[in-house]
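*Asks:* Here is the input, now give the coordinates:
(one chain, ligands or ions: 2)
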Amino acid sequence: MERVEQLFNGLWQDYVTRLCPSALQIHDLLAEEEPLHNDHIALRTFNLPMVGLDRLAAPFIAIGYQPKGRYRFEGKKLYAEHFEHPNPLAPKVFISELMVGQFSSLFQQTVRELVAQMPETSLRDPAFLYGGRQWELDFATYELLLAESEYGGWLAAHGFGANHFTVSLNHLEQFTEVREVNHLLRHNGFVINEAGGDVKGSAKVMLEQSSTMADRVEVGFSDGTYAIPGGFYEFAKRYPDEDGELFSGFVEASADKIFESTHQ
Ligand code: OOG
Ligand code: NI
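*Replies:* Numbering: from 1, shown residues only. Ligands and ions are numbered 1, 2, ... in the order given. Next up, the predicted model:
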């Protein structure tokens, strides 16, 4: 569990510094005597050999994680898998990859050129998972990718890191409902993702989720610094199945809308 904690500390530090500084304020609004329990984190990548989903999963597999669910998002041209650790205290990990081959040849070529800038050794140390972008790009290239895929633009600009952490409502004392958390956050000036409703899912699908809209963060491009959407914070409540075990998967229809938390 020590190696799990080490990896998640690195991911959390990067997430709150580079992608979602407001998570610190939200964390303080919700924090109790007990530290907050993370349901899951999510990572994004391109489905190219050097950086595909499997390459991002490898450091998690190495510390005991196992593949569990598989998900497809046809409209967004994404494939995802989630991973769980035998220790229930370890957060789940949701990794998605963009199906680069389904985009225009200009888009494909641009993405391949970005990834080709990475040194061969750059994935050797698991710290690459929170190392951010490993290629140079200008703002026009970001906008070009963004026009075909919001996810593609986001990933090109930010590189690798947890795009969100997720507070488990099953472990909170103060709140038991997702809508209560949404209410508290709105009251404190945060913007909730309304795509598909502000509470996604239901007790029937055994998972309810909500998320903030991503922070706008300053990102350095080769031709200047621009403020663009970074990371967001998510809240999840899980329900037990027939055997009394909390549902541990993800719900495609809800996830499809959670992805949109990084929209402009
Ligand atoms: C992942 C979106 C899906 C969930 O909990 O369903 C997700 C992403 O935005 O990268 O996190
Ligand atoms: Ni999530």
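
*Asks:* Residue 25 and residue 10, how far apart?
*Replies:* 21 Å (C-beta to C-beta, to the nearest Å). For glycine as for every other residue, the C-beta is placed from the backbone atoms N, C-alpha and C.

*Asks:* any idea of the pLDDT on residue 156?
*Replies:* pLDDT, residue 156: 98.

*Asks:* Can you tell me the closest non-neighbouring residue to it?
*Replies:* What sits nearest to residue 156 in space, not counting adjacent residues and going by C-beta to C-beta, 6 or more residues apart in numbering, is residue 145, at 5.0 Å.

*Asks:* and the one you found, how many neighbours?
*Replies:* For residue 145, the neighbour count with other C-beta atoms under 10 Å is 25.

*Asks:* contacting residues for it?
*Replies:* Counting by C-beta atoms under 8 Å, 6 or more residues apart in numbering, residue 145 makes contact with 107, 110, 111, 152, 153, 156.

*Asks:* Mind listing residues that contact the helix or strand that the third one is a member of?
*Replies:* Following DSSP states H and E, the helix or strand that holds residue 111 is helix 105-116. Residues outside helix 105-116 that contact it (C-beta under 8 Å, 6+ apart) are 46, 48, 50-51, 100-101, 103, 135, 137, 141, 144-145, 148-149, 152, 156.

*Asks:* same thing with stretch 191-203?
*Replies:* In contact with stretch 191-203 (C-beta under 8 Å, 6+ apart) are residues 178-179, 182, 185-186, 207-213, 232, 239, 251, 253-254, 256-258, 260-261, 263.

*Asks:* In strands, which of those appear?
*Replies:* 207, 208, 209, 210, 211, 232 (DSSP state E).

*Asks:* Tell me how far residue 170 lies from ligand 1.
*Replies:* Residue 170 is 14 Å from ligand 1, where distance means C-beta to the nearest ligand atom, to the nearest Å.

*Asks:* And the pLDDT at residue 264?
*Replies:* At residue 264, pLDDT is 88.

*Asks:* Tally up the residues packed near it, please.
*Replies:* 10.

*Asks:* Once you drop chain neighbours, what's closest to it?
*Replies:* Nearest to residue 264 is residue 229, by C-beta to C-beta, 6+ apart, at 6.2 Å.

*Asks:* Report how many residues lie close to the one you found.
*Replies:* Residue 229: 22 neighbours (other C-beta under 10 Å).

*Asks:* got it, and residue 72?
*Replies:* For residue 72, using other C-beta under 10 Å, the count is 12.

*Asks:* and what of residue 42?
*Replies:* There are 23 residues near residue 42, going by other C-beta under 10 Å.

*Asks:* just to revisit the earlier point, can you tell me which of the contacts of helix 105-116 are in strands?
*Replies:* residue 46.

*Asks:* And the residue of the stretch 151-264 of the chain closest to ligand 2?
*Replies:* residue 234 (4.6 Å; C-beta to the ion).

*Asks:* Give me every residue in the stretch 101-250 of the chain lying close to ligand 2.
*Replies:* Within the stretch 101-250 of the chain, the residues that sit near ligand 2 (C-beta under 5 Å from the ion) are residue 234.

*Asks:* can you rerun that using 8 Å?
*Replies:* Residues of the stretch 101-250 of the chain lying near ligand 2 by C-beta under 8 Å from the ion: 164, 166, 209, 211, 234, 236, 250.
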